[in-house]
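Asker: starting from these lines, generate the structure:
(one chain, ligands or ions: 1)
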Amino acid sequence: MKPMLTPAELTDALRQIGAERYHNLHPFHRLLHNGQLSREQVQAWALNRYYYQSRIPVKDSLILSRLETPELRREWRRRIVDHDGDGQTPGGIEKWIALGRGVGLDSDYIVSGKGILPATRFAVDAYVHFVRDRTLLEAVASSLTELFSPTVIGERVRGMLEHYPFITRETLAYFDKRPVQAKADSDFALQYCIDHARRPEEQDAVLNALRFKCDVLWAQLDALYFSYVEPAMTPPEAWRPGDGLEVRQ
Ligand SMILES: O=C(O)c1cc(C(=O)O)c2c(n1)C(=O)C(=O)c1cc(C(=O)O)[nH]c1-2
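Answerer: You can find the predicted model right below:
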């Protein structure tokens, strides 16, 4: 029989998965962060990534609806506000639209969902369905990629500011708050998993949920790489350079 991991061993095993398969390692991110993409390729990234952003509060609402105590719901509700805003302070979604506009896309086009790659949609929707259909423990564990996001975000912001003349600090304002929010989110989710995975099979399910989520992130970058980096195989009706641009007066 499999032994039960201690909290430290479970944490190490999760970190090991991140070290091997988190999306900071993906070739598309290497190109993005090292300044090796064209403005159009950065636009493709911003457009497709918006779809991920737009689904995050939807998947968090699904988790929220499954939580049994006011304390847990309060904690999870914060994530939704982080993305949707509170009607006064803009949330992450609004800031991502600003990022898209900052790289030249039209906001109505971004929000319309037109031009998003089929594989982006499949990967992101798979994440939403996962948190809907699996156990609550697996749903919470699938957010644990956020343990690793502060590092990749730091790398991305530094690299993009250094390498792309069309990128400003304001364009990347989305990322200002994310590392602190991600740390709070992932500290909570990790403790939840440690407390609620009480059998070796449940610990395995937690590890597998993180592997699945790494695949969700990886597949989105595969889609971008195969569609927009040479030799580009852009699917029919997907965004092409020149589509959906903001008209500047
Ligand atoms: O920029 C990134 O590389 C990155 C990664 C991740 C992640 O690891 O899932 C998230 C985010 N950003 C992010 O901005 C975000 O709001 C977010 C929410 C979640 C989640 O699973 O609940 N992951 C991420």
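Asker: mind listing what the residue positioned nearest the centre of the chain touches?
Answerer: The centroid of the chain falls nearest to residue 52 when counting by C-alpha atoms, centre = their mean (6.0 Å). By C-beta atoms under 8 Å, 6 or more residues apart in numbering, the residues touching residue 52 are 120, 124, 220. (C-beta placed from N, C-alpha, C; glycine too.)
Asker: any idea how far the longest helix along the chain is from the middle of the chain?
Answerer: Looking across the chain with DSSP state H, the single longest helix is helix 200-228. Distance, stretch centre to chain centre, for helix 200-228: 11 Å (C-alpha atoms, centre = their mean, to the nearest Å).
Asker: which residues of this structure lie near the ligand?
Answerer: 56, 92, 143, 145, 146, 149, 152, 153, 178, 217 (C-beta under 6 Å from any ligand atom).
Asker: please name the nearest non-neighbouring residue to the residue of the chain found nearest the ligand.
Answerer: In the chain, the residue found nearest to the ligand is residue 145; the distance is 3.3 Å by C-beta to the nearest ligand atom. Excluding the flanking residues, the one nearest residue 145 by C-beta to C-beta, 6 or more residues apart in numbering is residue 213, at 4.9 Å.
Asker: does the one you found touch residue 140 like I think?
Answerer: No. The pair residue 213 / residue 140 is not scored as a contact, 11.1 Å apart, by C-beta atoms under 8 Å.
Asker: report the contact partners of residue 27.
Answerer: Residue 27 touches 221, 225, counting by C-beta under 8 Å, 6+ apart.
Asker: same question for residue 78.
Answerer: residue 184.
Asker: how near is it to residue 185?
Answerer: 8 Å (C-beta to C-beta, to the nearest Å).
Asker: between these two, which contacts overlap?
Answerer: With C-beta under 8 Å, 6+ apart, residue 78 and residue 185 have no common neighbours.
Asker: what is the neighbour count of residue 133?
Answerer: 10 (other C-beta atoms under 10 Å).
Asker: for the spatially closest residue to residue 223 that is not a sequence neighbour, pull up the helix or strand it's in.
Answerer: Using C-beta to C-beta, 6+ apart and skipping residues adjacent in sequence, the residue nearest residue 223 is residue 119, 3.6 Å away. Element membership for residue 119 (DSSP states H and E) is helix 118-133.
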